[in-house]
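Chemist: everything below, folded, please.
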Amino acid sequence: MRTYRAELLRSVNRATGAFLLLCIALSVFSMVNAGPQHNTPLWGFRQAAIFVATLLMGRAATVTAGDFSTGTIRSWLISAPSRGPVLLGKLAATMSVALGFALVAGLSAYAVSSALGTVPAVTEVATATAQLGFACATLTLFGHSIGVLARSVPVALTVTLAWILPVEAVLDGRFHNSEQWLPGLVAHQITLGQLAPGSTPPTALTHAMLPFLVLEIAALAQFIRSDINS
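Modeler: Numbering: from 1, shown residues only. Below you'll find the predicted structure:
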């Protein structure tokens, strides 16, 4: 809990506030432009959701890898009896920030949609917010694990963004039912509320989260066993 609280406190700064405003601005821009496309503002919120989740993935990768590249990870380990709680506490705090962003984005979406003249049902906004929260948590898990494994901000950002953007786009369609198991693509489908044919909510949630969870376990094992040379 000590590491969790400390990481949360470290996140309370102007940079995090500015990053939150960027995510909200992205969602609002998409909602405002939904009207000219003859769609509801909530549709625009869903269209921007995967981009918000991707930004949070980049944040997780940057913050995590930055601890290694700057050597601050040593300070975190000094006050901890073992490495496992340190990494898990930092992961929990990073996930909390991501889910907090999703909640604020959802509340903002309801307010903006109402201001634009379309008051959405609370259940619809809650569903869209929950789906955004899942995507944020999933991609944050990916960003955190790559940050631990790469220990370099440029490498971590390159790997995460390359996988989510071009790599999955290239792999999509090249393998049987790839749209049902590529994690980033499935997370995108979840935020849109439109799953691939033959996919169900439980299988979609599993395919989106499980690969990144396995990667996080591998990162934890590597973190516990390897030397900290940064």
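Chemist: tell me the mean pLDDT over stretch 155-174?
Modeler: For stretch 155-174, mean pLDDT rounds to 90.
Chemist: how about the helices of the chain, start to end?
Modeler: 2-11, 14-32, 41-69, 73-78, 83-115, 122-150, 153-162, 168-171, 183-192, 201-225 (DSSP state H).
Chemist: now the worst-scoring helix or strand of the chain on mean pLDDT: how far from the chain's centre is it?
Modeler: Ranking every helix and strand in the chain by mean pLDDT, DSSP states H and E puts helix 73-78 at the bottom, with a mean of 78. Relative to the centre of its chain, helix 73-78 is centred 25 Å away, using C-alpha atoms, centre = their mean, to the nearest Å.
Chemist: can you point out the buried residues in it?
Modeler: Neighbour counts over helix 73-78 (16 or more other C-beta atoms under 10 Å) mark 73, 76 as buried. No exception for glycine: its C-beta is placed from N, CA and C like everyone else's.
Chemist: so where's the chain shaky on pLDDT?
Modeler: Along the chain, segments meeting pLDDT under 70 span 79-81, 227-230.
Chemist: what sits against the residue nearest the centre of it?
Modeler: Residue closest to the mean C-alpha point of the chain, counted by C-alpha atoms, centre = their mean, is Cys136 at 3.0 Å. The neighbours of Cys136, taking C-beta atoms under 8 Å, 6 or more residues apart in numbering as the test, are 52-53, 56, 98-99, 101-102.
Chemist: and of these, the nearest to Arg174?
Modeler: For the contacts of Cys136, the closest approach to Arg174 (C-beta to C-beta) belongs to Ala53, at 23.9 Å.
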